[in-house]
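Build the 3D model from these lines:
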Amino acid sequence: MSPLETLGFTLGTSFASGLNLYATVATAGLLDRFGVIHLPPSLAVLSQPVVWGIALALFVVEFFADKIPLVDTAWDTLHTFIRPPAAALLAYASFSQVPEPWKVGAALLAGTVALTSHGAKATTRAAANTSPEPFSNWLLSSIEDAAAVGLSWLAATHPILTGAIVLVLVALSVLLIWKLWGLFRRAFAKLAGPAPAPSGGP
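Next comes the predicted model:
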């Protein structure tokens, strides 16, 4: 891959990792394993059966945990400390042929992109969990799983296009987080009720 293609690949897999890390790793590893794509040499380890096998097993766990209201929120909270660092690690490995400062910069960028998509996912799920019906949760989870797999494939096969798409997705994610955060803040303020009036003097 050229440096620009590597950047597009990194952006795509980082955004996908924020949605579903295990689906991203398993997809990239299996595509390389069966010769559909050729990952950078530094990421060839993803095509090893033990790596994509563990990723697939964890994906199955997440597939079910992610579709149970409140359990999905706890799962997302835990993965705040897993998805962005893992995306940063993958980016660092992807840029193995460039000087160290550029590798660190790529890792920081990837972690930020993954945190953004993860934040959009987590806040959307928290909003969906306010509804008693489970169907919106199942639908959102299925869309996220499909997006993670599709974006990982697109990042590996059309990295430059993927990079452009991810820039738009990041902007939309930031807007979504901002809108939902404002909604939560207003809801909490309404539940808390009006502030007590200050007591008058004697």
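
use CA for all of it now, contacts and neighbours both
Fine.

helices or strands up against the longest helix along the chain?
Identified as the longest helix of the chain according to DSSP state H is helix 159-192. The contact analysis (3 or more Cα pairs under 8 Å, 6 or more residues apart in numbering; DSSP states H and E) places helix 159-192 against helix 3-33, helix 100-128, helix 135-157.

Looking at these, which one is packed in the most?
helix 3-33 (a mean of 27; mean count of other Cα atoms under 10 Å).

So which elements touch that one?
Identification of packing neighbours for helix 3-33 by 3+ Cα pairs under 8 Å, 6+ apart yields helix 49-65, helix 83-94, helix 100-128, helix 135-157, helix 159-192.

can you give me how far the helix or strand bottoming out on mean pLDDT in the chain is from the chain middle?
Taking mean pLDDT, DSSP states H and E as the measure, the helix or strand of the chain with the lowest value is helix 159-192, at a mean of 86. Using Cα atoms, centre = their mean, to the nearest Å, the distance from the centre of helix 159-192 to the centre of the chain it belongs to is 13 Å.

same question, stretch 22-41
With Cα atoms, centre = their mean, you get 18 Å for stretch 22-41.

List of residues touching that stretch?
For stretch 22-41, contacts defined as Cα atoms under 8 Å, 6 or more residues apart in numbering pick out 1, 13, 16-17, 44-48, 51-53, 55-56, 58-59, 94, 145, 148-149, 152-153, 156-157.

that older thread, in the longest helix of the chain, what's buried?
159-160, 162-163, 165-167, 169-170, 173, 176-177, 180 (16 or more other Cα atoms under 10 Å).

From those residues, pick the one nearest residue 75.
Ranked by distance to residue 75 (Cα to Cα), the buried residues of helix 159-192 are led by residue 177 at 18.4 Å.

who touches that closest one in this structure?
So residue 177 contacts 119, 120, 123, 124 (Cα under 8 Å, 6+ apart).

List the contacts of the first one.
Put plainly, it is residue 119. So residue 119 contacts 18, 173, 177 (Cα under 8 Å, 6+ apart).

For the residue lying closest to residue 26 once chain neighbours are set aside, give me its contacts.
Nearest non-adjacent residue to residue 26, counting by Cα to Cα, 6 or more residues apart in numbering: residue 52, 4.6 Å away. Listed by Cα under 8 Å, 6+ apart, the contact set of residue 52 reads 25, 26, 27, 29, 30, 46.

Check the gap between residue 88 and residue 107 for me.
Between residue 88 and residue 107 the distance is 4 Å, computed by Cα to Cα, to the nearest Å.

since we're on residue 64, how many residues are nearby?
13 (other Cα atoms under 10 Å).
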